[in-house]
Structures are given as structure tokens and as C-alpha cells.
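J.: Show me the folded form of this:
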Amino acid sequence: MEKRGVKPTATRLLVLRALGSHHRALSLRELDDILETIDRSTIFRALTLFLANHLVHAIEDGTGVTKYEICEGHEECSIEDQHTHFFCVGCHRTFCFHNTPVPTIEMPEGFVMQNVNYLVKGLCPDCSAKAKF
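T.: Have a look, this model is predicted:
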């Protein structure tokens with residue numbers, strides 16, 4: 001946290017640990033449910049600070065709800081640190097495929113990429129096992 005310019009308070013450490021303890025991106029509501037002793041506005045302020053300092057990145061999975069994940073890069077979240085995300089249409093969870101990089105995209109002249117969101121939608125193993133095809 002300190003390397004990214006974020007003072008490690010007890011609350012911020014709890015929020016960061018909650019994000020790190022799951023193997024998928026979490027929404028503010030999910031963090032609020034996990035961190036019962038911290039109010040939602042405090043969690044949101046921590047996430048906003050983390051975003052501004054490139055400690056986490058936000059994921060838009062098409063649900064209208066932003067989800068958050070810890071950045072893996074040592075200095076900041078960069079395009080090279082991005083990976084594929086999977087949104088389960090059954091349980092509405094967003095999973096991180098850390099070992100599946102985002103495909104390289106050639107940008108037309110004059111365009112500068114700043115962020116990329118590569119999302120696959122389908123059924124996770126739990127939901128596909130329950131599905132009747």
C-alpha cells in the first residue's frame with residue numbers, strides 16, 4: 001500500500017484483505033456483506049482511494065455494477081497487467097482468469113489505448129453442472 005502512496009489504516013487493510021481473499025472480482029455490495037463491521041461509505045472511500053493510486057482496478061461486466069480487483073502490477077495497473085474476466089450469467093459472479101491475457105489489439109493511427117475490458121460470458125462450473133441442457 002505504501003509503495004502506491006496509500007497510508008495503511010486498519011480499515012483499508014481489511015478492505016484490501018477482503019479483496020485478496022477471494023479469487024474473483026467483488027462489488028461494493030459484496031464487500032459490504034463480507035465486512036459487516038465497516039459501513040458501506042467507508043468501504044467506497046477506500047476503493048476510490050485504491051483506484052486513484054492504482055492499487056485496484058474496476059471491472060465493468062455488463063451488469064451495471066462495478067466490481068473491483070487488486071492490481072497485479074508492481075508499479076501500477078497497466079494494459080499488460082490486464083487479463084480476461086468471465087461473467088457467469090447463472091450466479092452473476094465475475095471471475096478473473098489471471099493466466100489468460102487480453103488479446104493484443106492494433107489501434108488505428110491517432111488512437112491511444114488507456115484501458116481494456118475483455119469479458120467472456122457464460123456459465124461457471126457450478127452453474128453449468130446445475131444447468132439442464
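
J.: Just confirm residue 18 is within a strand.
T.: No - counting by DSSP: H, G, I helix; E, B strand; the rest coil, residue 18 is located in no strand; its state is helix.

J.: Enumerate every residue touching it.
T.: Residues counted as contacts of residue 18 (C-beta atoms under 8 Å, 6 or more residues apart in numbering) are 26, 31, 34-35. Every residue, glycine included, has its C-beta placed from N, CA and C.

J.: Can you tell me, leaving aside adjacent residues, what's nearest to residue 63?
T.: Among residues not flanking residue 63 along the chain, residue 92 sits closest, at 6.5 Å (C-beta to C-beta, 6 or more residues apart in numbering).

J.: Helix or strand for that neighbour, just tell me which one.
T.: Secondary structure assignment for residue 92, by DSSP states H and E: no helix or strand.

J.: Check residue 41 too.
T.: Judged by DSSP H and E, residue 41 forms part of helix 40-52.

J.: cool, residue 86 as well?
T.: Going by DSSP H and E, residue 86 is part of strand 83-88.

J.: Cool, thanks, talk later.
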